[in-house]
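A.B. asks: Predicted structure and sequence below. I'll ask about it afterward.
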Amino acid sequence: MISDINLIYPIIIPIVTAIIVLGAGSLFERVAGGKLQRIRELIATLGFAATAYVIYQLYWDLKVLKDVSDYTLYASLTYIPPTFYFEYMPGGFALTILADLLWGTHLGPLAKVLAPPTGTLFAVDFLSIVMAAAFTGLGLIVCIYSINYMEHDTGKTKYYALLLILVAALNGIVFAGDLFTLFVFFEIMSISAYCLVGFRKENWEPVEAGFKYLLMVAVGSTLVLYASSFIYGYTGTLNFAYVGTLISQIDQLTLYTTRPIFYLVITFLIAGFGVEAAIVPLHWWLPDAHPAAPSSMSAMLSGVVIKAGVYALIRTLLVMFPVQSTPFPYLWLTFTTTPYSYPYGFPATPYPFDWNYALIVLAIITLIVANIMALLQKDIKRLLAYSSILNIGFILIGFSVGTFLGFTASFFHVINHAIMKGLLFLCAGAYLHATGSRMLDDLSGIGRKMPVTSLSLAIGCLAIMGMPPLNGFWSKLLLILAPIQLAPFTMNGAVWVTLALVGVLASAFSAVYYLRLIQIVWFGKESEKVKSLKAKRAPAWMLVAIVALAAACIIFGLYPWPIYNLANSAAEALYYLPAYFGGII
């Protein structure tokens, strides 16, 4: 446990860069006839690059802390939780930083005000770092892609500022150590995403899609806020570590009579964060938002924004309402001396919460509905939108299982899906930029006119199908193996075998529309729009982003260990809750 103000830099840097972009963009629009506006894109790109560098540094700082922790544990039986934290006052960051400069790390007389559970804080573990790296990495790629893709749009200064604020809010969500901080950044993310979905406000479609997104997310946020009020009323704090400890004690001291209230809170959290995660039946905003939004924003929506909803859902539920997926609450005594069952990942309690079964039901419904709807689409961006919903169903499989393998598989697929779906939406954006159409019939035969983009699209489709040796194969394989591994250890093993079977069938079914998309693009008869195309390739900066993501699909398929190790570290951080709790309490 180390207090470090540096961990808020991945939030501050994009916000400061957004302010600079707003100032520079407004200035350069009036200087030299607007010819210097490209400096605005350069500033935004440098802001993303600087944020990525800081996250990289935090990762290595945390890794060194983890190595020190392991050494001290073996050498002197002293355990140092591998978690960074930074406490701040509700009055604002400026006051907190000033106090830090005046009184040092301990903040002198303000220590009691800032200390949890009274104060609020950021808490960063390997899970936070991995998610922030995915958010910032895709943001950087999208920023580069937008240099050419958005060149004919007006209001580009606001676009880049909103994109930076979106990534800052996403980083704030995964760095939050309490429900209040998470909620604030969740709202900032939702508002900036709404502005980007409806960015082309001169058309009716983006306005309608943005309003639908804003309305549904507002309802979800209200449910989360209502759940937070219950939690604060029962525990007197919103700090994750303290809430997780106190709810367990309250549950036992009240002889489990508070369970109905706690299950109501769990329902509110699943529904509230499930809207942002686009879990069926809370997904209705996503298929409309994708076609209406710029394709660069579509890549962010599917690649990282809905993953923020998944992260918030799993982090809050797991730390506050521990569950165990076995009917034998004392089985852990047979296998280990710690309160974790093998191979279960959830903390074992005499009467655990069982919200993971709700995730099983939601995962199966999401897989079935998304596949059927994707098969019916004639709009490439709507097809990819339902594909994103499908992959949320796959991610829920690993989290519902709750084993270490399940967590690893889910985070592995979170990263892989960000790469694969980012690639597919950027390719769709290149087609839309060239032809002015999203309809599959109008894109027939375009592969022969735009071979690099279309080859990248084919790589993305094969990867997201789970075709070896591309990156999607490995994460899907682990997602199928996770419930199968768990099945022999439980009396309801048939449930887990069924879940694995549904996952296999859903993946096989999805191959139908992915292969259909490849067939239309490469082997279909050229449409009139394709015949009229003069350009043989997408603009340079768009191709740089597309080829980079396509190469990532191949490289991390042939050599998956870097991504797997990151996912493994994230799973370990989520799996061993005492390390997270000990880093805060």
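C.D. replies: Alright, I've got the coordinates. Worth saying up front: this structure is predicted, and the values here are computed from it rather than measured.

A.B. asks: Which helix in the chain has the most residues?
C.D. replies: For the chain, the helix with the greatest residue count under DSSP state H is helix 38-76.

A.B. asks: Quick one: mean pLDDT over it.
C.D. replies: In this model, helix 38-76 has an average pLDDT of 84.

A.B. asks: what's the spacing between it and its chain's center?
C.D. replies: Mean-position distance between helix 38-76 and its chain equals 18 Å (C-alpha atoms, centre = their mean, to the nearest Å).

A.B. asks: what do you get for stretch 287-306?
C.D. replies: Counting by C-alpha atoms, centre = their mean, stretch 287-306 comes out at 13 Å from the chain centroid.

A.B. asks: taking the mean pLDDT, what do you get for that stretch?
C.D. replies: 88.

A.B. asks: Stretch 146-165 now?
C.D. replies: On average, stretch 146-165 scores 87.

A.B. asks: Check what contacts that stretch and list those residues.
C.D. replies: 14-15, 17-19, 21-22, 25-26, 29, 37-38, 40-41, 44, 47-48, 139, 142-143, 188, 192, 195-196, 199-200, 294-297, 300, 429-430, 433, 538-542 (C-beta atoms under 8 Å, 6 or more residues apart in numbering). In short, each C-beta sits where N, CA and C put it, glycine included.

A.B. asks: how does it look with 7 Å?
C.D. replies: 14-15, 17-18, 21-22, 25-26, 40-41, 44, 47, 139, 142-143, 188, 192, 195-196, 199, 294-296, 429, 433, 539-542 (C-beta atoms under 7 Å, 6 or more residues apart in numbering).

A.B. asks: Do me a favour and get the end-to-end distance for that stretch?
C.D. replies: Using C-alpha to C-alpha, to the nearest Å, one end of stretch 146-165 lies 16 Å from the other.

A.B. asks: Go through that stretch and flag the buried ones.
C.D. replies: 146-150, 156-165 (16 or more other C-beta atoms under 10 Å).

A.B. asks: Just checking the distance from it to the centre of its chain.
C.D. replies: Worked out by C-alpha atoms, centre = their mean, stretch 146-165 lies 22 Å from the chain centre.

A.B. asks: So what's the residue count around the spatially closest residue to Asp379 that is not a sequence neighbour?
C.D. replies: Once flanking residues are discounted, Asp379 sits nearest to Arg438: 4.9 Å by C-beta to C-beta, 6 or more residues apart in numbering. For Arg438, the count of nearby residues is 21 (other C-beta atoms under 10 Å).

A.B. asks: Do I have it right that Arg438 meets Ala292?
C.D. replies: No: applying C-beta atoms under 7 Å as the test, Arg438 and Ala292 come out as separate, 10.3 Å apart.

A.B. asks: where along the stretch 1-150 of the chain do the strands fall?
C.D. replies: With strands called from DSSP state E, counting those that start in this stretch, the stretch 1-150 of the chain shows them at 2-3, 84-88, 120-124.

A.B. asks: picking that back up, can I have the buried ones of the contacts of stretch 146-165 as a ChimeraX selection?
C.D. replies: Selecting only the buried entries of the contacts of stretch 146-165 in ChimeraX, with 16+ other C-beta under 10 Å as the criterion:
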select :14,15,17,18,21,22,25,40,41,44,47,139,142,143,188,192,195,196,199,294,295,296,429,433,539,541,542
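
A.B. asks: Just to be sure, which of the contacts of stretch 146-165 are found in helices?
C.D. replies: Reading helices off the contacts of stretch 146-165 with DSSP H, I get 14-15, 17-18, 21-22, 25-26, 40-41, 44, 47, 139, 142-143, 188, 192, 195-196, 295-296, 429, 433, 540-542.

A.B. asks: Ramachandran coordinates for Met450?
C.D. replies: Main-chain torsions, Met450, degrees, to the nearest 10: phi -130, psi 70.

A.B. asks: Which residues are in contact with it?
C.D. replies: Ala430, Ala434, Lys536, Arg537, Ala538.

A.B. asks: Might one say that the last one is in contact with Leu455?
C.D. replies: In other words, Ala538. No: counting by C-beta under 7 Å, Ala538 stays clear of Leu455, with 11.9 Å between them.

A.B. asks: More neighbours: these two, which one.
C.D. replies: Remark: of Ala538 and Leu455, Ala538 carries more neighbours, 26 against 17, as counted by other C-beta under 10 Å.

A.B. asks: Give me the spatial nearest neighbour of that one, chain neighbours excluded.
C.D. replies: Closest to Ala538 by C-beta to C-beta, 6+ apart is Ala430, at 4.1 Å.

A.B. asks: That neighbour contacts Pro451, doesn't it?
C.D. replies: No: Ala430 lies out of contact with Pro451 (C-beta under 7 Å); the separation is 11.8 Å.

A.B. asks: So these two - more neighbours on which side?
C.D. replies: Ala430 (28 against 13).

A.B. asks: wait, what's in contact with the more buried one?
C.D. replies: Contacts of Ala430 (C-beta under 7 Å, 6+ apart): Met450, Thr453, Ala538, Met542, Ile546.

A.B. asks: for His290, same thing?
C.D. replies: Neighbours of His290 in contact, by C-beta under 7 Å, 6+ apart: Ser298, Leu301, Lys381, Arg382, Leu384, Ala385.

A.B. asks: Among those residues, which are located in helices?
C.D. replies: The helices, defined by DSSP H, take in Ser298, Lys381, Arg382, Leu384, Ala385 from the contacts of His290.

A.B. asks: Distance check, the fourth one against Met150.
C.D. replies: Distance, Leu384 to Met150, using C-beta to C-beta, to the nearest Å: 19 Å.

A.B. asks: about what we covered before: let me know the closest of the contacts of Met450 to Leu478.
C.D. replies: Minimum distance to Leu478 across these is 31.4 Å, recorded for Ala430 (C-beta to C-beta).

A.B. asks: all helices of the stretch 351-500 of the chain, in order?
C.D. replies: For the stretch 351-500 of the chain, applying DSSP state H, counting those that start in this stretch gives helices covering 356-375, 380-401, 404-435, 451-465, 471-486, 493-523.

A.B. asks: for the protein, what are the low-confidence residue spans?
C.D. replies: Low-confidence segments of the chain (pLDDT under 70): 1-5, 28-36, 73, 76-119, 323-352, 535-536, 578, 582-585.

A.B. asks: At the geometric centre of it, which residue do we find?
C.D. replies: Geometric centre of the chain, nearest residue: Lys307, 2.5 Å, by C-alpha atoms, centre = their mean.

A.B. asks: Please name the residues that touch that residue.
C.D. replies: Lys307 touches Val414, Ala418, counting by C-beta under 7 Å, 6+ apart.

A.B. asks: How about the one 4 residues further on?
C.D. replies: Under the criterion of C-beta under 7 Å, 6+ apart, the neighbours of Tyr311 are Met131, Ile173, Val174.

A.B. asks: now with 10 Å?
C.D. replies: By C-beta atoms under 10 Å, 6 or more residues apart in numbering, Tyr311 lies in contact with 127-128, 130-131, 134-135, 170, 173-174, 182, 273, 276-277, 304, 411, 414, 570, 574.

A.B. asks: can you tell me which of those are in helices?
C.D. replies: Using DSSP H, the contacts of Tyr311 in helices are 127-128, 130-131, 134-135, 170, 173-174, 182, 273, 276-277, 411, 414, 570, 574.

A.B. asks: Now the nearest residue to Ile365 once chain neighbours are set aside, what are its backbone angles?
C.D. replies: Excluding the flanking residues, the one nearest Ile365 by C-beta to C-beta, 6+ apart is Val280, at 5.1 Å. Main-chain torsions, Val280, degrees, to the nearest 10: phi -60, psi 130.
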